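Visitor: my questions are about this predicted structure, shown below with the sequence.
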Amino acid sequence: MFQTGCRIDFDPIDPFKIVKEQHSQEYGKGKEKTKAVCCCEPEEIGAGAGKEQEEQEQEQSTPKHYSDTDMEDLEVLEVLDSDFQNLSDDEPPIAKKRRYKKRKMDIWAQEIIQDFATKRGAEIKNELQSDRPDLQKIMDYFKSVNREIKNANMQHSEPPDIDTDSAVEYSAKSESEESESGEPDRVDGLEYRMRKEYRSLSRGKPLYWWPVGTGTQVFVRYGSKRSLIYRVRAGSSQPYDPRTTELVLSKTRGNTKVVSRTDGLPKEVWKYSRDSVLDIIGVGWKVNEDEADINALALIRPPQEVYPHTKVLVKWKDQQISLERRGFVRRIANSGNFNGDRMIYLKAKELENSYWGYNVEEDIDNDPDSSDSGSSDDTDSETSQPRRRYKKSKRRAYSSRPRRREGSDTNSDDSAQKKHRSSGRVRDKKSKSSKESKTIDTEIDSLEEKLKRLKVEREKASRRGQRRQRRNY
């Protein structure tokens, strides 16, 4: 007979040899160790197996009595078994929770904390090592640091509570002191939340801003790092923080001049030329509200009589980046202004194709109702991001009429020739509509005559009424 708790295995080399291993747990350790190994004859195997079978049959015939706890355990096991039966092999495995790395502290917060450690570190250490440390004084120090970090975060358009010490609890007294100390109040927090909310709706990031008349304009970036497009938008429609967004001054790298002498005479020359430019990395232009049904790329497709207000991101050889106007690219382009306009259009087309995912220029050419500049939809309005689909629109009645846009670029050598061409087109349209105008004029004349007759009849009727009144009196 075998002892209970033994494991019986057949040796693959000798089938009549049985290895019995009895496992026990060492004291203080979870390792298993083999205690004894024995060998038995084949006759004992058959007898032991037969007796075990009789005991199993006897146990099955006798009824089993379970306690309440056993019944609860059985119910739990039945539920688990049903759950496992419902699972199929096609179900994907449950993904493990991804561990995110802790966010790095911002540079300005590191500088504030480092300055605090150098100024107050020794004082706090001595205070804590004293017999009766003033804990309230130490807490006030940490609260002041948190306020400085919050102000710096709001200046950099970040959430106020980032990089602050969450272990410091603000009391009612500290809140009142904070409100009276001239720190940013709740209005600044509301403005920050407003910028964050509308920036997430438009999904555009303001990069630059500059004053225009009584308002402002903003250079906005859309898309990811690999596919970017740019637009010039009104500052009233794009929320931005003028403290953190870079201001474009009237004097930029592209229009900076220096004084040099030629033949002993002073002369102004450009400080930066084509040799200083490394690449053009972005092009943005203004799309008005009444041009929302027009392909934005068609507005800057050369040749144009009037171009919309255009800004160009220029990367210099010293790795500096500046925002320049269209005139700068025209100046550094070889063979005149027209090639500069072509360079701007080509760069804009490359960015648009990468952003939209297809050739945007084909959408302009395949539109039969479009004018020279095309007519496809690009933007929703001044408060939304550019759309991903273009819709064909009808030709507008004033599309061929020369129109000056607000903040447009008109520095072109061949603008006079284009004016003559546009005037010729207008004459052709006038000759076609001359018949309709004649009929309208005749109708107007007849209506004017009828109006005169009615006025005369009204005057006569009023005179007759006055005479009758006099006779009655």
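Guide: That came through fine.
Visitor: now the strands for the stretch 101-250 of the chain?
Guide: 204-212, 215-223, 228-234, 246-247 (DSSP state E, counting those that start in this stretch).
Visitor: which among the ones you listed is found nearest to Arg132?
Guide: If you check each of the strands of the stretch 101-250 of the chain against Arg132 by Cβ to Cβ, strand 246-247 wins as the nearest, at 52.1 Å. C-betas here are computed from N, CA, C, even on glycine.
Visitor: Arg274 touches Ile332, doesn't it?
Guide: Yes - between Arg274 and Ile332 a contact is recorded at 4.0 Å, counting by Cβ atoms under 8 Å.
Visitor: what about the two, which has more around it?
Guide: Just comparing Arg274 and Ile332: by other Cβ atoms under 10 Å the higher neighbour count belongs to Ile332, 19 against 11.
Visitor: for the more buried one, what are its contacts?
Guide: If a contact means Cβ atoms under 8 Å, 6 or more residues apart in numbering, then Ile332 has 273-274, 277, 340 as its contacts.
Visitor: Trp316 now?
Guide: Here Trp316 is in contact with 253, 272, 276-278, 322 (criterion: Cβ under 8 Å, 6+ apart).
Visitor: show me where pLDDT drops low in the stretch 51-200 of the chain?
Guide: Filtered on pLDDT under 70, the stretch 51-200 of the chain yields the residue ranges 51-104, 156-185, 195-200.
Visitor: thinking again about what came up before, mark which of the contacts of Ile332 are part of helices, please.
Guide: Using DSSP state H, the subset of the contacts of Ile332 located in helices is Gly340.
Visitor: out of the contacts of Ile332, which comes closest to Gly213?
Guide: In terms of Cβ to Cβ, no member of the contacts of Ile332 lies closer to Gly213 than Gly340, at 26.3 Å.
Visitor: report the contact partners of the closest one.
Guide: Under the criterion of Cβ under 8 Å, 6+ apart, the neighbours of Gly340 are 326, 329-333.
Visitor: rerun at 6 Å
Guide: With Cβ atoms under 6 Å, 6 or more residues apart in numbering as the criterion, the residues that contact Gly340 are 329-330, 333.
Visitor: just to revisit the earlier point, closest one of the contacts of Trp316 to Leu190?
Guide: Comparing the contacts of Trp316 against Leu190 with Cβ to Cβ places Ser322 closest, at 33.7 Å.
Visitor: still on that earlier bit, closest to Val312 out of the strands of the stretch 101-250 of the chain?
Guide: Relative to Val312, the nearest member of the strands of the stretch 101-250 of the chain by Cβ to Cβ is strand 228-234, separated by 9.2 Å.
Visitor: strands paired with the closest one, and their directions?
Guide: Its sheet considered, strand 228-234 pairs with strand 215-223 (antiparallel), strand 277-286 (parallel) by DSSP bridges.
Visitor: quick one: contacts of the first one?
Guide: Contact partners of strand 215-223, identified using Cβ under 6 Å, 6+ apart, comprise 204-209, 228-233, 235, 238, 240, 284, 311, 355, 385.
Visitor: got the domain ranges for the chain?
Guide: Per automatic domain parsing, the structural domains of the chain span 1-55, 107-177, 206-425, 434-473.
Visitor: next, count neighbours for Gly189.
Guide: Other residues within reach of Gly189 by the criterion other Cβ under 10 Å amount to 13.
Visitor: oh sorry, the question was meant for Ile344
Guide: For Ile344, the neighbour count with other Cβ under 10 Å is 23.
Visitor: just Val329 next, same as before
Guide: Neighbours of Val329 (other Cβ under 10 Å): 25.
Visitor: wait, is it part of a helix?
Guide: Yes - following the definition DSSP: H, G, I helix; E, B strand; the rest coil, Val329 is counted among the residues of a helix.
Visitor: find the nearest non-adjacent residue to it, please.
Guide: By the measure of Cβ to Cβ, 6 or more residues apart in numbering, the closest residue to Val329 outside its immediate chain neighbours is Gly340, 4.5 Å from it.
Visitor: can you give me the helices in this protein?
Guide: If DSSP H is used as the criterion, the helices of the chain fall at 42-61, 68-86, 107-128, 135-155, 172-180, 186-202, 326-332, 337-356, 360-365, 415-432, 434-472.
Visitor: how far away is Ile124 from Val145?
Guide: Going from Ile124 to Val145 by Cβ to Cβ, to the nearest Å gives 11 Å.
Visitor: okay, the two: which has more neighbours?
Guide: Each of Ile124 and Val145 has its neighbours counted (other Cβ under 10 Å); Val145 has more, 20 against 16.
Visitor: that one reaches Phe116, doesn't it?
Guide: Yes - between Val145 and Phe116 there is a contact at 5.0 Å, judged by Cβ atoms under 6 Å.
Visitor: just the CA trace of stretch 312-321, in CSV.
Guide: Only the C-alpha atoms of stretch 312-321 are listed here, as CSV (Å, rounded to 0.1, in the frame of the first residue of the first chain):
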residue,chain,number,x,y,z
VAL,A,312,6.3,82.9,-44.3
LEU,A,313,8.3,81.0,-41.7
VAL,A,314,12.0,81.4,-42.6
LYS,A,315,14.7,79.2,-41.0
TRP,A,316,18.1,80.9,-41.1
LYS,A,317,21.5,79.2,-41.2
ASP,A,318,22.2,80.2,-37.6
GLN,A,319,19.1,78.0,-36.7
GLN,A,320,17.0,81.1,-35.9
ILE,A,321,13.4,81.2,-37.1
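Visitor: pLDDT on it, on average?
Guide: Stretch 312-321 shows a mean pLDDT of 93 in the predicted model.
Visitor: for stretch 364-381, same thing?
Guide: If you average the per-residue pLDDT over stretch 364-381, you get 48.
Visitor: re earlier: dump the strands paired with strand 228-234 into JSON lines; add mean pLDDT as well.
Guide: Supplementary listing: the strands paired with strand 228-234 in JSON lines, determined by pLDDT from 0 to 100:
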{"stretch": "strand 215-223", "mean pLDDT": "91"}
{"stretch": "strand 277-286", "mean pLDDT": "94"}
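Visitor: quick one: low-confidence ranges for the stretch 201-350 of the chain?
Guide: Within the stretch 201-350 of the chain, the stretches falling below the threshold (pLDDT under 70) are 201-202, 289-293.
Visitor: about what we covered before: highest average neighbour count across the strands of the stretch 101-250 of the chain?
Guide: Between the strands of the stretch 101-250 of the chain, strand 228-234 has the highest mean count of neighbours, a mean of 22, where neighbours are mean count of other Cβ atoms under 10 Å.
Visitor: helix 337-356 and that strand, what's the angle between them?
Guide: 110 degrees (axes from the mean of the first three to the mean of the last three Cα atoms, to 10 degrees).
Visitor: okay, strand 228-234 in CSV with CA atoms only?
Guide: As requested, the backbone C-alpha atoms of strand 228-234 are provided in CSV (Å, rounded to 0.1, in the frame of the first residue of the first chain):
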residue,chain,number,x,y,z
LEU,A,228,1.4,71.0,-40.6
ILE,A,229,-0.5,73.8,-42.2
TYR,A,230,-0.6,77.5,-41.2
ARG,A,231,-3.3,80.2,-41.3
VAL,A,232,-3.4,83.9,-40.5
ARG,A,233,-6.5,84.6,-38.4
ALA,A,234,-8.1,87.5,-36.6
